[in-house]
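Chemist: Following is a predicted model, sequence given first.
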There are 2 protein chains.
Amino acid sequence: MSNQLIAIIGGTGDQGKGLALRWAKKGFEIIIGSRDRERARAAAAAARAMLKASGADNVNLEGATNADAAAAAQIIVLTIPFAAQIATLKEIREKIKAGSLIVDVTVPLEPAVGGKPTRILGVWAGSAAQQCRELAPEGVQVVSAFQNVGAEALISLDREVECDVIVCGDDKEAKQSLRPLVAAIPGCRYIDGGPLANSRTVEAITALLIGFNIRYKTHTGLRITGIE
Amino acid sequence: MSNQLIAIIGGTGDQGKGLALRWAKKGFEIIIGSRDRERARAAAAAARAMLKASGADNVNLEGATNADAAAAAQIIVLTIPFAAQIATLKEIREKIKAGSLIVDVTVPLEPAVGGKPTRILGVWAGSAAQQCRELAPEGVQVVSAFQNVGAEALISLDREVECDVIVCGDDKEAKQSLRPLVAAIPGCRYIDGGPLANSRTVEAITALLIGFNIRYKTHTGLRITGIE
């Protein structure tokens, strides 16, 4: 449990909703953000109902516009389609408080340009996370994480999520601050993924896992072996 | 056990030696290839001694030049540094019999140009495996596999290798023919990685794992969860 407010930008999508559910269940204070305030509020109400049905009362989970959510939070989690990443960051960047942390979950999947989810696009900055850093305001750290954690696994609140969370970033302390958010999801494990540039590979792994999901008709995740 | 002869091109390196040991131990017929015939023979003799010490008698493991090894084999496994991949393929391509299978294990790690093993180079063809296919003779299938399996784990013959083997290739049958080679290594599991182009990501994962090895001072591997 933390007193930090977490904004989930694009939180009406499956990945954002899944993270919101898991974190709210463990007592984190969450704002689901959307371009549309009413959609955000409806998503928050639906999430509260799901949590209540699963036995979690007194959760702290509201909805707001992306901009209002970003302005209020200390941790801003981006769970948006790649096609919307630049526009969303331009929209919210002025609102983000200095000292905040952006957690980029964006993956440059090919559907952004009408392609396949088993493929990723080349990003000029190197990765979606590095593109995020280019657009982030000064004084705001950017880390990437949670890209490989499937939305279906997150939303199945009674099940463990069998997936390690590889956290990439150039500031050790910023990365470490994600430990409680990873630990809040049963079955997830924090793995230090090295510099933010390594997000290139972590993002690509998401497309690889989507391919496994299709070929094996299942929901896959990732474990790194050999780390105690 | 198989009657197919396996050539391990660049088999005097750690990765090639490790695969040779594991496969020879299970009764596969192996030729370790090297540019230098005497080095290849010495490596084969050392490997036979290691296998004998581990209780494996009657192994079939010899040494030869890369070209002779490639000419003799039905399965040609490339375990060479990226910097040597093009030259080696040009050297052996005329020798490879039609109907053979090339298993590319090459990873375009940055040390090929004096850089870090936690980074990979961009390859014009898309990946080392796709570069291999460009240089492979007609009528020879190319798959990629075993890049993420650490040499240390392979060489520790009394231990299981905790790593899934993601096999990429454009021909389903060619991929399937690797199943016995994966199953021969205790702890390894065959995973269909989709088309050869997906090797981009599988190769990049090797650099990511090397980063984990450095940060966590251990030997890491990879498991895909959610596949029975």
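Modeler: That came in fine, so what should we check first?
Chemist: Export stretch A:76-84 to PDB, keeping only CA atoms.
Modeler: This file holds the C-alpha atoms of stretch A:76-84, laid out as PDB (Å, rounded to 0.1, in the frame of the first residue of the first chain):
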ATOM      1  CA  ILE A  76       1.700   8.200 -14.600                       C
ATOM      2  CA  VAL A  77       1.200   4.800 -16.300                       C
ATOM      3  CA  LEU A  78       0.800   4.900 -20.100                       C
ATOM      4  CA  THR A  79      -1.300   2.100 -21.400                       C
ATOM      5  CA  ILE A  80      -2.200   3.500 -24.800                       C
ATOM      6  CA  PRO A  81      -2.100   2.100 -28.300                       C
ATOM      7  CA  PHE A  82       1.200   3.100 -30.000                       C
ATOM      8  CA  ALA A  83      -0.700   5.200 -32.600                       C
ATOM      9  CA  ALA A  84      -1.900   7.500 -29.800                       C
END
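Chemist: Off-centre distance for that stretch?
Modeler: Chain-centre distance of stretch A:76-84: 8 Å, with C-alpha atoms, centre = their mean, to the nearest Å.
Chemist: With stretch A:22-37 instead?
Modeler: Taking C-alpha atoms, centre = their mean, one finds stretch A:22-37 lying 11 Å from the centre of the chain it belongs to.
Chemist: Same question for stretch A:168-179.
Modeler: Centre-to-centre, stretch A:168-179 and its host chain are 14 Å apart (C-alpha atoms, centre = their mean).
Chemist: in it, what counts as buried?
Modeler: A:168-169, A:174-175, A:177-178 (16 or more other C-beta atoms under 10 Å in any protein chain shown). Just so you know, the C-beta spots here come from the backbone N, C-alpha and C atoms, and that holds for glycine as well.
Chemist: How about stretch A:179-198?
Modeler: Applying 16+ other C-beta under 10 Å to stretch A:179-198 flags A:181-182, A:184-185, A:188-194, A:196-198 as buried.
Chemist: Likewise for stretch A:122-137?
Modeler: Within stretch A:122-137, the residues scored as buried using 16+ other C-beta under 10 Å are A:123, A:125-133, A:135-136.
Chemist: which bits of chain A sit near chain B?
Modeler: Contacts of chain A with chain B, taken as C-beta under 8 Å from any C-beta of the partner chain, map to A:118, A:162-163, A:166, A:191-194, A:198, A:200-202, A:204-205, A:207-209, A:211-213, A:215-216, A:218-228.
Chemist: Just the ones in helices from the residues you listed, please.
Modeler: A:200-202, A:204-205, A:207-209, A:211-213, A:215-216 (DSSP state H).
Chemist: Turn the buried ones among those into a named PyMOL selection, would you?
Modeler: In PyMOL syntax, the buried subset of these is picked out as below (16+ other C-beta under 10 Å):
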select buried, chain A and resi 200+201+202+204+205+207+208+209+211+212+213
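Chemist: For the ones in helices among the residues of chain A next to chain B, please prepare TSV with the additional fields pLDDT and distance to A:Ile75.
Modeler: Output for these, formatted as TSV (pLDDT from 0 to 100; distance: C-beta to C-beta, whole Å):
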residue	pLDDT	distance to A:Ile75
A:Arg200	98	23
A:Thr201	98	24
A:Val202	98	19
A:Ala204	98	25
A:Ile205	98	23
A:Ala207	98	26
A:Leu208	98	28
A:Leu209	98	25
A:Gly211	98	31
A:Phe212	98	30
A:Asn213	98	28
A:Arg215	98	35
A:Tyr216	98	34
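Chemist: would CSV of the ones in helices among the residues of chain A next to chain B with distance to B:Pro111 be doable?
Modeler: CSV is the format used below for these (distance: C-beta to C-beta, whole Å):
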residue, distance to B:Pro111
A:Arg200, 18
A:Thr201, 17
A:Val202, 22
A:Ala204, 21
A:Ile205, 22
A:Ala207, 26
A:Leu208, 24
A:Leu209, 28
A:Gly211, 29
A:Phe212, 30
A:Asn213, 34
A:Arg215, 33
A:Tyr216, 34
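Chemist: what's the neighbour count on A:Ile102?
Modeler: The tally of other residues near A:Ile102 (other C-beta atoms under 10 Å in any protein chain shown) stands at 29.
Chemist: which SS class is it?
Modeler: With DSSP: H, G, I helix; E, B strand; the rest coil as the basis, A:Ile102 sits in strand.
Chemist: Repeat that for A:Ala125.
Modeler: A:Ala125 - assigned by three-state DSSP - is coil.
Chemist: Give the closest residue to it in space, chain neighbours not counted.
Modeler: Computed as C-beta to C-beta, 6 or more residues apart in numbering or on different chains, the closest residue to A:Ala125 that is not its neighbour in sequence is A:Gln131, at 4.2 Å.
Chemist: thought that neighbour was touching A:Gly122?
Modeler: No - counting by C-beta atoms under 8 Å, A:Gln131 sits too far from A:Gly122 to count as a contact (11.3 Å).
Chemist: Let me know the pLDDT of the residue nearest the centre of chain A.
Modeler: By C-alpha atoms, centre = their mean, chain A has its centre lying nearest to A:Val105, at 4.1 Å. Note for A:Val105: predicted pLDDT of 98.
Chemist: need the contact list for it.
Modeler: A:Val105 is in contact with A:15-16, A:19, A:77-79, A:144-147, counting by C-beta atoms under 8 Å, 6 or more residues apart in numbering or on different chains.
Chemist: Could you measure from it over to A:Ala129?
Modeler: 9 Å (C-beta to C-beta, to the nearest Å).
Chemist: where do the contact lists of these two overlap?
Modeler: Applying C-beta under 8 Å, 6+ apart, one finds that A:Val105 and A:Ala129 are jointly contacted by A:Ser144.
Chemist: re the thing from before, quick one: which of the buried residues of stretch A:179-198 is nearest chain B?
Modeler: Taking C-beta to the nearest C-beta as the measure, chain B sits nearest to A:Gly194 out of the buried residues of stretch A:179-198, at 4.6 Å.
Chemist: which ones are touching the nearest residue to that closest one once chain neighbours are set aside?
Modeler: Spatial nearest neighbour of A:Gly194, chain neighbours left out: B:Gly211 (4.6 Å); criterion: C-beta to C-beta, 6+ apart. Contact partners of B:Gly211, counting by C-beta under 8 Å, 6+ apart, are A:193-194, A:198, B:118.
Chemist: same check, this time on A:Leu19
Modeler: By C-beta under 8 Å, 6+ apart, A:Leu19 lies in contact with A:8, A:11, A:77, A:79, A:105, A:146, A:154.
Chemist: The second one reaches A:Ile32, doesn't it?
Modeler: Yes - if you go by C-beta under 8 Å, A:Gly11 and A:Ile32 touch, sitting 3.4 Å apart.
Chemist: Please enumerate the shared neighbours of these two.
Modeler: Jointly contacting A:Gly11 and A:Ile32 under the rule C-beta under 8 Å, 6+ apart are A:17, A:20, A:40, A:43, A:63, A:69.
Chemist: who wins for neighbours among those residues?
Modeler: Highest neighbour count within these, by other C-beta under 10 Å: A:Ala20, with 32 neighbours.
Chemist: element containing it, please.
Modeler: For A:Ala20, the element it lies in under DSSP states H and E is helix A:14-25.
Chemist: and what of A:Arg189?
Modeler: strand A:188-192.
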